[in-house]
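Q: quick one: sequence plus predicted model below, questions after.
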Amino acid sequence: MKTLWQHCNVASMAQGTYSIIEDAAIVTSGAHIEWIGRRQQAPVADYHQVQDLAGAWVTPGLIDCHTHTVFGGNRSGEFEQRLQGVSYAEIAAAGGGIASTVRATRAATEEELFVSARKRLLSLLRDGVTSVEIKSGYGLDLASERKILRVIRRLGEVLPVSVRSTCLAAHALPPEYAERADDYIEHICSEMLPALAAEGLVDAVDAFCEYLAFSPAQVERVFIAAQKLGLPVKLHAEQLSSLHGSSLAARYQALSADHLEFMTEGDAIAMAASGTVAVLLPGAFYFLRETQLPPMDALRKHGVKIAVASDLNPGTSPALSVRLMLNMACTCFRMTPEEALAGVTLHAAQALGMEQTHGSLEVGKVADFVAWQIDRPADLAYWLGGDLEKRVVRHGVEVTV
Ligand code: DI6
Ligand code: FE
């Protein structure tokens, strides 16, 4: 099936810039882009279809490269409590916080988790997302992590979105391992990861490196186990304090280090050298009312690729719109709309190891794109949420969600 898509302007995001083509056309052949350029130069061919995009701006399909979409329950009750003056520590001491999500996730059936996650994922898709990463990490035992990862795989089978699954068993210490973090890490490395990887449920391995989660030495053991299984690694690093997890991630050629508010210039230099993407999560920054900004100048100066993601999770970023994250990346972090858009296209693809096939509109890449009825690309970072008129094409075929 060969289709000519015309009457549009394109922000192809090749090289991570808008790379604008005005009065453009795109030729798709099956799931791939066969040609892209100025409309007058489009090859004359026997197209099966000619699609009029009505003057739209076409961008790559958006890629949300960091989410925790699958979880039981939610924590809006805690949000309300906190606003009435109950502290996070008090809530945690009463069994709330992440522990409450772990309990709810363990108690939920696979079907229940699928149904609730599907709704959240649909919200992201309606906003132009065509690829997403989803982490486990609210199960924290083999059976529960497996249950979440199976839901993640199923979401990718039934919805029009490419899903990458990340095992985040090292997210928090489960209650049965209280005071025995090293034993839990050993369990992850010798039992959980090998079993889940053998079942084909894991595309990458992540951990939470933080004083209230796991130390760099513990994270390193998880990375070594992942590498033995041939799996790439990622890391939640420098969110609340500086432990140089991002430098550790760079030493293990991590695809990405994420959050990074407390990272140093030395961490940025290490990440630049290893090609590790900096994934910034403005939703968590905003929701936690964080004031420490990620070091944008150091990231730019050393040429670290910057991605932006929703971090969709019940505790610190109940974010259901990637476009809203674009706005927050600009208002909170002073990213430009162009940098922010690169952060949810080409650089997000790199954070998932998908940059050879996804993230920009170039010949040979997968034909995932969105035709937006907007005046200019900056509109994507300008509007605060809402629903923009658009058409979404995935694998060369228009999809409705
Ligand atoms: N960082 C976060 O912000 C979330 N996980 C993480 O590693 C918090 C998750 C939660 O509170 O449920
Ligand atoms: Fe996260």
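A: Yes, it's here. Ligands and ions are numbered 1, 2, ... in the order given.
Q: in stretch 356-373, what's buried?
A: With burial defined by 16 or more other Cβ atoms under 10 Å, the residues of stretch 356-373 counted as buried are 358-361, 365-372. C-betas here are computed from N, CA, C, even on glycine.
Q: ugh, typo on my part, it should be stretch 47-65
A: Buried residues in stretch 47-65, defined by neighbour count with 16+ other Cβ under 10 Å: 47, 51, 53, 56-65.
Q: could these go into TSV alongside pLDDT?
A: Rendered in TSV, the data for those read as follows (pLDDT from 0 to 100):
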residue	pLDDT
47	96
51	98
53	98
56	98
57	98
58	99
59	99
60	99
61	98
62	98
63	99
64	99
65	99
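Q: just put the residues you listed in CSV and tack on distance to ligand 1 and secondary structure.
A: Formatted as CSV, the entries for the buried residues of stretch 47-65 read as follows, by distance: Cβ to the nearest ligand atom, whole Å; DSSP: H, G, I helix; E, B strand; the rest coil:
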residue, distance to ligand 1, secondary structure
47, 47, coil
51, 41, strand
53, 38, strand
56, 35, strand
57, 33, strand
58, 33, strand
59, 28, strand
60, 27, strand
61, 26, coil
62, 21, strand
63, 20, strand
64, 15, strand
65, 15, coil
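Q: export the buried residues of stretch 356-373 to JSON lines and tack on pLDDT?
A: Listed next are the buried residues of stretch 356-373 as JSON lines, based on pLDDT from 0 to 100:
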{"residue": "358", "pLDDT": "98"}
{"residue": "359", "pLDDT": "98"}
{"residue": "360", "pLDDT": "98"}
{"residue": "361", "pLDDT": "98"}
{"residue": "365", "pLDDT": "98"}
{"residue": "366", "pLDDT": "98"}
{"residue": "367", "pLDDT": "98"}
{"residue": "368", "pLDDT": "98"}
{"residue": "369", "pLDDT": "99"}
{"residue": "370", "pLDDT": "98"}
{"residue": "371", "pLDDT": "98"}
{"residue": "372", "pLDDT": "98"}
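Q: in strands only, show me those.
A: When strands are assigned by DSSP state E, the members of these inside them are 369-372.
Q: tell me the one of these nearest residue 184?
A: Checking those against residue 184 by Cβ to Cβ gives residue 370 as the nearest, at 41.5 Å.
Q: and stretch 104-121, average pLDDT?
A: Per-residue pLDDT values over stretch 104-121 give a mean of 98.
Q: in that stretch, what's buried?
A: Judged by neighbour count (16+ other Cβ under 10 Å), stretch 104-121 contains these buried residues: 104-106, 108, 113-114, 116-118, 120-121.
Q: the residue of the chain found nearest ligand 1 and residue 99, how far apart?
A: The chain approaches ligand 1 most closely through residue 315 (2.1 Å), counting by Cβ to the nearest ligand atom. For residue 315, the distance to residue 99 under the criterion Cβ to Cβ, to the nearest Å works out to 10 Å.
Q: local confidence estimate at the residue lying closest to residue 18 once chain neighbours are set aside?
A: Nearest-residue entry for residue 18: residue 11, 4.4 Å, with adjacent residues in sequence omitted and distances by Cβ to Cβ, 6 or more residues apart in numbering. Model confidence at residue 11, expressed as pLDDT, equals 98.
Q: I figured residue 11 hits residue 59, correct?
A: Yes - between residue 11 and residue 59 a contact is recorded at 5.0 Å, counting by Cβ atoms under 8 Å.
Q: shared neighbours of these two, anything?
A: With contacts defined as Cβ atoms under 8 Å, 6 or more residues apart in numbering, the residues shared by residue 11 and residue 59 are 341, 377.
Q: contacts only, for the residue nearest to residue 18.
A: For residue 11, the residues meeting the contact criterion (Cβ under 8 Å, 6+ apart) are 18-20, 57-59, 341, 377.
Q: how about a cut-off of 7 Å?
A: Applying Cβ atoms under 7 Å, 6 or more residues apart in numbering, one finds that residue 11 lies in contact with 18-20, 57, 59, 377.
Q: swap in residue 176?
A: Contact partners of residue 176, counting by Cβ under 7 Å, 6+ apart, are absent.
Q: wait, is it part of a helix?
A: Yes - assignment of residue 176 by DSSP: H, G, I helix; E, B strand; the rest coil places it within a helix.
Q: show me which residues of the stretch 251-400 of the chain are close to ligand 1?
A: Contact residues (Cβ under 6 Å from any ligand atom) of the stretch 251-400 of the chain with ligand 1: 284, 313-316.
Q: by neighbours, which of those wins?
A: Across those, the neighbour count under other Cβ atoms under 10 Å reaches its highest value at residue 313, namely 27 neighbours.
Q: surely that residue meets residue 70?
A: No - assessed by Cβ atoms under 7 Å, residue 313 is found out of contact with residue 70, at 10.0 Å.
Q: helices along the stretch 51-200 of the chain, start to end?
A: Using DSSP state H, counting those that start in this stretch, the helices found in the stretch 51-200 of the chain span residues 76-83, 88-93, 98-107, 110-125, 142-158, 181-187, 193-198.
Q: what angle do helix 98-107 and the longest one make with each other?
A: This means helix 142-158. Relative orientation of helix 142-158 and helix 98-107, computed by axes from the mean of the first three to the mean of the last three Cα atoms, to 10 degrees: 70 degrees.
Q: report the rounded mean pLDDT for helix 142-158.
A: The average of the pLDDT scores along helix 142-158 is 98.
Q: buried residues in it?
A: Residues of helix 142-158 classed as buried by neighbour count (16+ other Cβ under 10 Å): 142, 144-156.
Q: re the thing from before, phi, psi of the residue of the chain closest to ligand 1?
A: In terms of degrees, to the nearest 10, the main-chain angles of residue 315 are phi -100, psi -40.
Q: list the contacts of it.
A: 75, 97-98, 101.
Q: kindly report the same for residue 374.
A: Taking Cβ under 7 Å, 6+ apart as the contact definition, residue 374 lies against 57, 380, 388.
Q: does the first one touch residue 380 like I think?
A: Just to be clear, that refers to residue 57. No - between residue 57 and residue 380 there is no contact under Cβ under 7 Å: 8.4 Å.
Q: identify the contacts common to those two.
A: When Cβ under 7 Å, 6+ apart defines a contact, the residues bordering residue 57 and residue 380 alike are 372, 374.
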